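Asks: Got a sequence here, can you build the structure:
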Amino acid sequence: MWPFKNKIKEETKRGLYGNKYNSSKNVSGWDNLGLIEQLCLIVLPCLLVFMFYIMLEMTGLIWWVRLLIGIGSVATLMTIITLLVNYFVER
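Replies: Numbering: from 1, shown residues only. As a prediction, the model looks like this:
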């Protein structure tokens with residue numbers, strides 16, 4: 001029976017958190033965040049839009065125009081920050 005050697009099966013090494021996070025290379029960054037961090041990523045931009053909305057109240061614009069300006073300004077700020085971080089990290 002020597003031509004047919006028994007193959008030894010190696011056990012896969014489990015990661016720190018099991019196979020849930022280490023099973024594939026394509027893991028979302030959202031999965032690695034804690035609950036408070038996830039809430040902050042959702043709530044803080046909404047609060048910033050609300051702050052812009054309140055500041056634009058003294059202009060006398062219609063409510064939906066103020067809301068669009070608030071959303072647009074927050075989106076612009078987030079885009080500028082993302083582009084700056086990517087620019088400085090790649091250099």
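
Asks: which helix is the longest one in the protein?
Replies: helix 63-90 (DSSP state H).

Asks: Quick check: which helices or strands does that helix pack against?
Replies: helix 35-55 (3 or more Cβ pairs under 8 Å, 6 or more residues apart in numbering; DSSP states H and E). C-beta here means a position set from N, CA and C on the backbone, and glycine is covered the same way.

Asks: shaky segments in the protein?
Replies: Along the chain, the parts satisfying pLDDT under 70 run over 1-26.

Asks: so what's the residue positioned nearest the centre of the chain closest to, chain neighbours aside?
Replies: The residue lying closest to the centre of the chain (Cα atoms, centre = their mean) is residue 30, at 5.4 Å. Nearest residue to residue 30, sequence neighbours excluded (Cβ to Cβ, 6 or more residues apart in numbering): residue 38, at 6.9 Å.

Asks: That neighbour: neighbouring residues, count only.
Replies: 12 (other Cβ atoms under 10 Å).

Asks: got it, and the one 4 residues further on?
Replies: By the other Cβ under 10 Å criterion, the neighbourhood of residue 42 contains 8 residues.

Asks: So the residue nearest to residue 51 when sequence neighbours are not counted versus residue 54, what's the distance?
Replies: Distances taken as Cβ to Cβ, 6+ apart place residue 70 nearest to residue 51, at 8.0 Å, with adjacent residues excluded. Between residue 70 and residue 54 the computed distance is 9 Å (Cβ to Cβ, to the nearest Å).
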